[in-house]
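> Need the 3D shape of this:
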Amino acid sequence: MADAIVYLAIQRISDLLIHEAVFLNEVRDEVDRLKDELMRMQSFLKDADHKQEQDKRLHDRVAEIRDLAYRAEDVIDSFLLEIKALQTKLKEISRSLLEISDEPEVSSSTFSMQQRLRRTYSHFEEEVVSFKGVTRDVLAQLLREDEDRPHVVVSIVGMGGIGKTTLAKKVYNHIDVKRHFDCLAWAFISQKCKPREVFHDVLIKVLYPSKEERELIDILNENELMKRLFDALKERRYLVVLDDIWRIEDWNSLKLAFPQGKKGSKILFTTQNREVALLADLCRSPIEVPFLSDDDSWELFSMKAFPRYRMESHSCSKEFEMLGKEMVKKCGGLPLAIVALGGLLAIKESLAEWNMVHRNIHAHLILVEQVKRILVLSYNDLPYYLKPCFLYLCHFPEDWEISKKELIRLWIAEGFISPSVQSGGILMEDVAEQFLTELINRCLVQVDKRDSTRTSVKTCRINEFLRELCMFKAEDEKFLEVIQPSLIDDVILSASNLRRISVHPSERYVCLKGKHLNLQSLMLFQNENLIELHISKCENFKFLKVLKVARMDVEKWNVSSKIGNLHFLRYLGLRCAGEIILPESIGKLNNLHTLQLQSCGVTFIPNVVFQLERLRHILVINKSAFGCGATSHLLERITSKNIETLKYFAGKDLIEKNTMLRLTNIQSLGVIFWRSKDVEPFLKAVVQLHRLRSLHMRLFPYSIQSYPDLEPLSQCHHLLKLFLVGKIEEDPHLRHIDHISKFIPANITQLTLQESELKQDPLSALEKLHQLRILRLLSNAFEGTKMICSANAFLQLDSLEIENLPELEEWKIEEGAMPRLQNLYLCRMSKLRMFPEGLRFVIALQHMKLDEMNRSLVEKIQIIDGREGVDFFEVCHIPSIEIFNTKED
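Model (predicted):
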């Protein structure tokens, strides 16, 4: 009867799997595979029915199948019971929500509260918050008369509390604005836009009606008010301020009331959403409010914190001033925070009280009701899909430069991007990038660096106060626990129900032990030798999706084979001071999406890794002294066709057994060549990789060999970024210009040459790359003594980095060269006698950084004892010049 019992159990499980799979979207493939396996078992049992009585081994196998079938049935039944219990609970909550929704609406009180907040708190001291440059920009746009079209919108954009309304008030009350426009009106919009109230308020300000007229206006409906307002404005040059507009739909519901008017009429927006500004007027770029300078920040703070000293024209004591300036710096130039800090400290008389605030300034300020409310408005306005993405940012320590690529991979690993988008032909990475762009447009995330195209983000940051809001909301919603060990106590975290843990840097010891069965994400930024993580007991972390951990206390890290039990793991980042040796069991991580390994020694990866179908990104980064220590990889058989990133692997492994031809989706590839003879077959294969956008090639050791013919590279028309490390032989039969242009693809936007040992000036050839935006010449890329940037060369170049060209003595820049250059970095050029002749012509240059340059050279551009250096005139137009580690000649 055992076979009959097993047969009935299998039938029951098959039915359950078919009818209840609606609850199993995430594991549908696994369910189907289990069903297929059960069907094969059915066939086997029918054949085994008459044999098992005579064969004990067969009988035992059938018994095992029976037990497993019963267990599977029990597991599924338990799962369904849990689902039904959850459904019951959800229905109860839903009923209570319906009861709450039937209660009287409170939005009007919320609206009036927002108005009250803005009146009492967000209009900072206008004479202090001068916004000189940006005020000029807004005035210039408002007073222009050369645009004769409907709905000319000037937009002021910035995060909550940065002073948008203050700036708008400043220009609204400006004497030139009052003279220029026939009529002016101001309307507060907020998150709850009420068109009738907006039309009514603007109409009253435009008409200045008598009491009788006002009573007639008060009874008009929305459409009647819209028509009346339109008629009142159509013959006038008007300015209407729409303060705090959140959604483009709100503008669409209002704009029909605003005619073209007389030439020069304007609408002025203040908004936290850059996209709203862009969509409202496609012909204009929004004006972004900058953070306050240190001097303006201190002046605003002083007016709030020392009102008595201000009245008596005295200054505060040195102790208070030093402490105050440190705290003001922590405000990051955000007026809302500075005013709140000043108000908080104005009532604290003793230095001890000031020190108490100083120790945890952000936590104190986020508790100030006005600050919290204004920042929380931005969070509450986020669509549901952006809220977890925003909260995730507090995983990273304060002032952390966040890599866009890493952030996107983490979001995907966490499940914030639905895999279903790919069914429509859209990559999850593209959706995640759209999410990041939306957070940037909402002024919740700041762009730190852009990529070579200047259109995409490379790294980003989050403002200190928004980060504090992040942490506050993440804790409130049980989304994430940030562990920031104090200077005094160690942290021992036992069993918990936390879903995400991020351990931030500290000098204290941190230990995680016990069961953390609900934990999905564990990221460790801690000083690694102070971390004790019982990861060998993987059953304590069995639902983990994201793991970033390091071992800096060993020379060889044999990663525990138990890591293969983390079946839900999607992102694995490991860092070690020595070698990393992965176990074969890593092949069980079928959900793995990203594998990032960073070591200072050999990294051993079993071949099973390259058979993981969902794996997209494999990064093996070596931090040894030469930047490319030996790596041992077995790439005999890459079966996954989803790999998009593969760095940094030996060239000989990639060219064997046609491995390259299977990388059909590769976009970013990094290769180390130990033999120059491997370069030619590699390049022939690279030409076939039509999705490849970034290529990093490193020849090692570069001191004893050089690249062979690189001409096939010129056929990589889709390639945008090229990083070449190693000696490039110059063909004596070709002109130098022809030789370099012969192999570099014409569409390259970012180029790095290192250890190239070029004898002739590379700029004369590279200037022909019309799309080039970032150029880096590093460590003996050029061994000559003179370089020239010709007139009208490098028309798109945005960033130039020149480092360690020990023979370079002279560099000349002709007028008209590099007209868009914004960033210049010069490092370790011991023979350079003077700054580039013609640097004064590069008027777009915003930032110059000098590192390890000769003191005598640096002094030529400095003002010492009131006297300008001989080359000061070449650099005096550059807003920011940073000088580090000056060397004696």
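
> Excluding residues flanking it in the chain, which one is nearest residue 621?
residue 598 (4.5 Å; C-beta to C-beta, 6 or more residues apart in numbering). Just so you know, the C-beta spots here come from the backbone N, C-alpha and C atoms, and that holds for glycine as well.

> so what's that neighbour scoring on pLDDT?
On pLDDT, residue 598 comes in at 88.

> How far does stretch 275-289 sit from its chain's centre?
Centroid displacement of stretch 275-289 relative to its chain, using C-alpha atoms, centre = their mean, to the nearest Å, is 22 Å.

> right, and the helix or strand after whichever strand or helix holds the residue nearest to residue 621?
Assigned by DSSP states H and E, residue 598 falls within strand 594-599. As assigned by DSSP H and E, the chain's next helix or strand after strand 594-599 is strand 603-605.

> circling back to that earlier point, now do the contacts for the residue nearest to residue 621.
Residue 598 sits next to 573-576, 621-623 when contact means C-beta atoms under 8 Å, 6 or more residues apart in numbering.

> And for residue 698?
Contacts of residue 698 by C-beta under 8 Å, 6+ apart are 627-628, 648, 670-673, 723, 725-726.

> Could you pull up phi and psi at it?
When read as degrees, to the nearest 10, the backbone of residue 698 gives phi -130, psi 120.

> Next one: it from residue 676, what distance?
Distance, residue 698 to residue 676, by C-beta to C-beta, to the nearest Å: 12 Å.

> Same question for residue 156.
Residue 156 is 58 Å from residue 676, where distance means C-beta to C-beta.

> Tell me which of these two has more neighbours.
Ranked by neighbour count (other C-beta atoms under 10 Å), residue 156 and residue 676 place residue 156 first, with 27 against 18.

> bridging residues for that one?
Judged by DSSP bridges, the bridge partners of residue 156 are residue 270, residue 287.

> next SSE after the lowest-mean-pLDDT helix or strand in the chain?
Every helix and strand in the chain was compared by mean pLDDT, DSSP states H and E; the lowest is strand 632-633, with a mean of 46. Remark: after strand 632-633, the chain's next helix or strand is strand 645-650, criterion DSSP H and E.

> what does the helix or strand following that following strand contact?
Proceeding N to C from strand 645-650, the next assigned helix or strand is helix 651-655, under DSSP H and E. With contact meaning C-beta under 8 Å, 6+ apart, helix 651-655 is reached by 633-635, 659-660, 671-675, 678-679, 681-682, 685.

> Output the contacting helices and strands for the helix or strand following helix 651-655.
Per DSSP H and E, the first helix or strand lying C-terminal to helix 651-655 is strand 668-673. Strand 668-673 sits against strand 645-650, helix 651-655, helix 679-686, strand 694-699, with contacts defined as 3 or more C-beta pairs under 8 Å, 6 or more residues apart in numbering; DSSP states H and E.

> run the last query once more with 6 Å
strand 645-650, strand 694-699 (3 or more C-beta pairs under 6 Å, 6 or more residues apart in numbering; DSSP states H and E).

> For residue 212, which of those strands is the nearest?
Closest to residue 212 of the helices and strands packed on strand 668-673 is strand 694-699 (C-beta to C-beta; 71.9 Å).

> Which residue ranges of the stretch 451-600 of the chain form strands?
457-461, 481-483, 491-493, 500-503, 510-512, 521-524, 531-533, 546-551, 556-558, 571-576, 579-581, 594-599 (DSSP state E, counting those that start in this stretch).

> Quick one: those strands as JSON lines, columns for distance to residue 654 too.
Output for the strands of the stretch 451-600 of the chain, formatted as JSON lines (distance: least, C-beta to C-beta, whole Å):
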{"stretch": "strand 457-461", "distance to residue 654": "27"}
{"stretch": "strand 481-483", "distance to residue 654": "41"}
{"stretch": "strand 491-493", "distance to residue 654": "43"}
{"stretch": "strand 500-503", "distance to residue 654": "36"}
{"stretch": "strand 510-512", "distance to residue 654": "38"}
{"stretch": "strand 521-524", "distance to residue 654": "31"}
{"stretch": "strand 531-533", "distance to residue 654": "34"}
{"stretch": "strand 546-551", "distance to residue 654": "27"}
{"stretch": "strand 556-558", "distance to residue 654": "25"}
{"stretch": "strand 571-576", "distance to residue 654": "22"}
{"stretch": "strand 579-581", "distance to residue 654": "20"}
{"stretch": "strand 594-599", "distance to residue 654": "17"}
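
> Could you report the separation of residue 728 from residue 781?
The gap separating residue 728 from residue 781 is 9 Å, by C-beta to C-beta.

> Just want to know which of these two has more residues nearby.
For residue 728 versus residue 781, neighbours defined as other C-beta under 10 Å are more numerous around residue 781 (22 against 19).

> Contact partners for the more buried one?
Residues in contact with residue 781 (C-beta atoms under 6 Å, 6 or more residues apart in numbering) are 753-754, 756.

> repeat that with 10 Å
When contacts are counted by C-beta atoms under 10 Å, 6 or more residues apart in numbering, residue 781 touches 724-725, 728, 752-758, 762, 802-805.

> Just give me the closest of those residues to residue 387.
Closest to residue 387, out of all of the contacts of residue 781 and judged by C-beta to C-beta, is residue 752, at 38.4 Å.

> any weak-confidence spans in the stretch 251-400 of the chain?
Scanning the stretch 251-400 of the chain for pLDDT under 70 picks out 307-316, 366-368.

> can you map out the strands along it?
For the stretch 251-400 of the chain, the strands defined by DSSP E, counting those that start in this stretch cover 266-271, 287-288.

> mind putting these in TSV, distance to residue 189 included?
Below are the strands of the stretch 251-400 of the chain laid out as TSV (distance: least, C-beta to C-beta, whole Å):
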stretch	distance to residue 189
strand 266-271	9
strand 287-288	18
